[in-house]
Structures are given as structure tokens and as C-alpha cells.
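> structure of the sequence below:
(one chain, ligands or ions: 2)
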Amino acid sequence: MGANGTQKTLHKVTIVGSGNWGTTVGKLMAESTAEHPDVFEKDVQMWVYEETVEVDGQPQKLTDVINTKHENVKYLPEIKLPDNLIANPSLVDAVKNSTILVFNLPHEFIGNICKQIKGHILPYARGISCIKGVTVTDDKIELLSEYIGENLSIYCGALSGANIASEIANEMWCETTIAYNTPPCDKHTANGNGVSNGANGYVVDEHRDSRGQIIKTPLTPVPSEYPALGHDVLRKLFERPYFTVSMVSDVAGVSLGGALKNIVALACGFVEGHGWNMTAKTAVMRRGMQEIIQFARDFYPETVQEKTLWEESAGWGDMIVSCTSARNWRYSKMAVERGVSIQEIERTELNGQKLQGISTSREVSSFLRARGVEDKYPLFKLVDGILDQNVNLEDIPRLFRKSQ
Ligand SMILES: NC(=O)C1=CN([C@@H]2O[C@H](COP(=O)(O)OP(=O)(O)OC[C@H]3O[C@@H](n4cnc5c(N)ncnc54)[C@H](O)[C@@H]3O)[C@@H](O)[C@H]2O)C=CC1
Ligand SMILES: O=C(CO)COP(=O)(O)O
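Ligands and ions are numbered 1, 2, ... in the order given. This next block holds a predicted model:
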């Protein structure tokens, strides 16, 4: 019930993406929506990039398998999914009428996704990006949350942390960081007083982008018929007994930490594959965090709070787990051990899963080169060179010395 005793309209939730992490986040959100029938519609829509999988010797559509067996046999095998997580192969149908859109797929696909759903979502929908990466177009670098927000004319926050999907899917405890800067036009309702700002059409709203610039495109406020969409509702949606949420408002810091640590994770895998151990990896992690902080100072000086990188799961937490047990580290190590390229390993070993470090390294390096500042980021440059197979791993210590 709302403050004035009237029944609230429920938030409808859609997750766009159904890979290893996408399905895991779909699972935990579906558990939460079932637990909070006063806030959310019970069913969570999950858009699935349709493909044929073999089950019991028969070719079947992945969506059919998820909706009947309640298991994503390709991307999250052996995990029972809640019955109210509904796989949907139609992107437009999956996002229809949803107030909360959670984007969770490899970052290379987001451009095409935004094109397809533009004009098919509620004007007052709000987004959360769980994607780790950046997008570089025409020499411009954008955070995914920002790219989504701009392309869909909605506000979009970010979720990122030291999160290994298979562990969370098995309900092993961990923590995450959600950055959401509740848009001013939603604050009337987000404080929970149930008072509408009186306008359901476009209003001028001074929300800011990740560099602190005022965004001119006005937002449509979330109507007051819905439970106020702010930190409380997001915590209800994402927090589980096994998934502790820290809510912050530094979207740029959370997004950058999640994106750039994947480059460092590749470097750690290369170093370990070469035969060096934890002390060498620690040097790489330290240097990597230094370059992430440098990147934030150089390109997001108005917005990134360095505290986020030091203190949140989305900062050092993610760096440590990514460099010791996540996919980018694991498979870059394997590439060096087998003497093949990491791209080859991604094709042959990952069964359709993607290593975000490869494209992030490419995009960040091209952005830095275009500005002539790549030498300020020796570790990022080194990883790009290794991906091109024109840097010898024995050069690593020398490159570190040159950077001092
Ligand atoms: N897996 C993990 O432990 C974690 C992943 N992340 C991040 O979550 C994001 C999503 O990763 P995952 O769910 O792990 O994905 P994934 O790497 O497991 O799966 C790849 C996904 O891409 C989809 N796909 C393939 N071709 C496509 C196309 N043309 N258009 C659209 N989708 C297509 C596949 O259907 C599949 O769902 C990434 O940015 C990743 O860095 C973040 C935290 C943990
Ligand atoms: O982001 C992650 C850990 O927090 C997962 O990283 P990988 O994509 O390398 O598995």
C-alpha cells in the first residue's frame, strides 16, 4: 500500500542477457521479486539470445529448456532456476512495460541491443548495468551505464563487484557494489513519502553524466503510483542472504573499476602462465590499480571518487578476485602455458562465454593512443602488445623499470 492507503503499481523487472552472470543475476532477482510482492511483479523476464542446444541427444531451443527444465544448460549448468524467471527470445517483448531493466551481457553486444529496444521501453524505465567494459566510438570513451542511458534516454546505474557467477549461483556468500544516483525527478517519490511531483510527462531534470556535465535530455519521472525507485527498492531487488549489497552513488568509479580490472587480470594470467608466481602478480595488481586511478584522474576527475576504488567491492575487491580466480586470468594463463593466443583459447575453451579483457584492452589502448598518452599507462600498453603477440613476457620487469 502507498502512504495514502492506495495500492501501488508493481515494478516489472527484465534482465537483458542470460550468460553465466546474466542467468545468475536473473536467479537472485527472481528470488527477491517472489519475496517482495508489495514492490515487484513476481515474474522476471530474461531475454535470451536464442540458440539451439543439445539436451538428451535432441536439439532444443535454449529458451524452451530454461522454461521447462529451469536450468540454463549452456551458460549456468546444474543450477536450479526459480520458476518465475521466464526466458524470452523476443527482446522487444521481454522489455515491454518493465520499469527496471538490468543489462547483463558481454559489452560488445550492447550497441545492437540498444538499437533494437529503443522506442519499445517505458519512457520512465530505469536501468542497472552489470556489464564490465567500456565503449569507444569516434575517439570517445563511454561507460556502459552512460552509453545505455544516453541511447535509451533513461537513467542507468551500475552493479559491479568481486563476483564469480558460479559461486553466487551456488549461494556462496559474497558482496557487491551498486552505484545509483537517484535522478532528482524521482526523489519526490524515492524518499518514500508517496507524493508525486505531479508530472508524468517530460520535465527538465538536472541529472549529470559520468564526467559531471549536466545532461540536457530530460528524463521522465517514475510515476508516483510505483514504489519509489531509489536505493531501498534496488537493495530489495538485488540483496540476498548470500549476496550483500553496498549502495553508493559513484557510478563512474564503480563502472571504471569493473571495466579496467579485466586488463589487469589478463596481465596476471600472462605472468603466471610464464611461470612467475604470487609476488609477480602482486606487482601487476599494484601497478594495475595505479593505472586505473590514473585513468580516473585523467578522464573522470569530476566524478570518480577514489574511495570507491580503495574501499568498495567494485574496486580492490574485484581486482583481487579477478586476478586470482576469474575467467580472464584463468584463460590468459592457459594461453601462455599452451603457447597459443588468448583469442584461440576463447574460441576453443569457453563454450560461448566471452573474455571482456580482450576487447576492453583494445578499446582503452586505442583511446589512449589517440591522445598520445599510452606511455603513461605501461601496463595497459603491455597487455595490448601481448595481445598483438609483439611483446615478450621477459620484457615485463624492464617495462616496469622504465615506467618509474
Ligand atoms: N561470469 C561472471 O562471473 C561475471 C561476469 N560479469 C560481467 O557480466 C557481463 C556478462 O557476462 P556473462 O553473463 O558472464 O556472459 P557469458 O560470457 O557467460 O556469455 C555470453 C553471452 O553472450 C550471448 N551472446 C552471444 N552472441 C550474442 C549476440 N550476438 N548478441 C547478444 N548476446 C549474444 C550469449 O547468449 C551469452 O548469454 C560481462 O560484462 C562480464 O564481464 C560480471 C561479474 C561476474
Ligand atoms: O568480473 C568478474 C569477477 O568479479 C568475473 O570476471 P571474468 O569475466 O574474468 O570471469
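> around ligand 2, which positions in the stretch 301-404 of the chain sit nearby?
Within the stretch 301-404 of the chain, the positions lying close to ligand 2 (CB under 6 Å from any ligand atom) are Asp318, Val321, Ser322, Ala326, Arg327, Asn328, Gln356. Glycine gets a C-beta too; all of them are placed from N, C-alpha and C.
> ok, 5 Å please
The stretch 301-404 of the chain has residues Asp318, Ser322, Ala326, Arg327, Asn328 near ligand 2, with proximity defined as CB under 5 Å from any ligand atom.
> closest to Thr244 among the residues you listed?
Within those, distances to Thr244 taken as CB to CB reach their minimum at Asp318, with 14.4 Å.
> could you confirm the closest one falls within a helix?
Yes - under the criterion used here (DSSP: H, G, I helix; E, B strand; the rest coil), Asp318 sits inside a helix.
> quick one: secondary structure of the nearest residue to it once chain neighbours are set aside?
In space, and not counting its chain neighbours, Asp318 is closest to Ala162: 4.7 Å by CB to CB, 6 or more residues apart in numbering. Going by three-state DSSP, the secondary structure assigned to Ala162 is coil.
> related to what we said a few turns ago, now that we have the residues of the stretch 301-404 of the chain next to ligand 2, which of them are buried?
By the neighbour-count criterion of 16 or more other CB atoms under 10 Å, these include these buried positions: Asp318, Ser322, Ala326, Arg327, Asn328.
> keep only those of these that are in helices.
The subset of those located in helices under the criterion DSSP state H comprises Asp318, Ser322, Arg327, Asn328.
> for the third one, give its distance to ligand 1.
According to CB to the nearest ligand atom, to the nearest Å, Arg327 stands 7 Å off from ligand 1.
> now do the contacts for Met289.
With contacts defined as CB atoms under 8 Å, 6 or more residues apart in numbering, Met289 is in contact with Val264, Leu309, Gly315, Trp316, Met319.
> for it, report the pLDDT, please.
Predicted confidence (pLDDT) at Met289: the value is 98.
> same question for the one 10 residues further on.
Turning to Phe299, the model gives it a pLDDT of 94.
> pretty sure it sits against Ile141.
Yes - between Phe299 and Ile141 there is a contact at 6.8 Å, judged by CB atoms under 8 Å.
> list the contacts of the residue in the stretch 1-150 of the chain positioned nearest to ligand 2.
Taking CB to the nearest ligand atom as the measure, the stretch 1-150 of the chain has Lys132 as its residue closest to ligand 2, at 5.3 Å. Residues counted as contacts of Lys132 (CB under 8 Å, 6+ apart) are His107, Ser160, Gly258, Ala259, Lys261, Asn262, Gln356, Thr360.
> one more time with 6 Å
Gly258, Ala259, Gln356 (CB atoms under 6 Å, 6 or more residues apart in numbering).
> for ligand 2, see how far away Pro397 is.
The gap separating Pro397 from ligand 2 is 25 Å, by CB to the nearest ligand atom.
> any idea whether that residue is helix, strand or coil?
Here Pro397 takes the helix state, with states given by three-state DSSP.
> re earlier: of the ones in helices among the buried ones among the residues of the stretch 301-404 of the chain next to ligand 2, just say which sits nearest to Glu35.
Distance from Glu35 was checked for each of those by CB to CB. The minimum falls on Asp318, at 27.0 Å.
> going along the chain, name the helices of the stretch 1-150 of the chain.
20-35, 62-69, 91-95, 110-117, 144-152 (DSSP state H, counting those that start in this stretch).
> any chance of these in a markdown table, with mean neighbour count and distance to ligand 2 too?
Shown next, in a markdown table, are the helices of the stretch 1-150 of the chain (neighbours: other CB atoms under 10 Å; distance: least, CB to the nearest ligand atom, whole Å):
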| stretch | mean neighbour count | distance to ligand 2 |
| --- | --- | --- |
| helix 20-35 | 23 | 7 |
| helix 62-69 | 18 | 20 |
| helix 91-95 | 18 | 23 |
| helix 110-117 | 16 | 16 |
| helix 144-152 | 23 | 13 |
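> want to throw those into CSV with distance to Leu399 and mean pLDDT?
Rendered in CSV, the data for the helices of the stretch 1-150 of the chain read as follows (distance: least, CB to CB, whole Å; pLDDT from 0 to 100):
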stretch, distance to Leu399, mean pLDDT
helix 20-35, 32, 98
helix 62-69, 44, 98
helix 91-95, 44, 98
helix 110-117, 32, 98
helix 144-152, 29, 94
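> returning to that earlier point: more neighbours: which of Phe299 and Ile141?
In this view Phe299 and Ile141 are compared by other CB atoms under 10 Å, and Ile141 has more residues nearby, 23 against 18.
> now do the same contact list for that one.
Contacts were defined as CB under 6 Å, 6+ apart; by that measure Ile141 touches Val134, Phe367.
> coming back round to it: near ligand 1 too, which of the contacts of Met289?
The overlap between these and the neighbours of ligand 1 (CB under 5 Å from any ligand atom) is empty.
> and of the residues you listed, the nearest to ligand 2?
Proximity of the contacts of Met289 to ligand 2 (CB to the nearest ligand atom) peaks at Met319, which lies at 9.0 Å.
> can you tell me the closest non-neighbouring residue to that closest one?
Of all residues apart from its sequence neighbours, Lys261 sits closest to Met319 (CB to CB, 6+ apart), at 4.8 Å.
> helix/strand/coil for the one you found?
Counting by three-state DSSP, the three-state call for Lys261 is helix.
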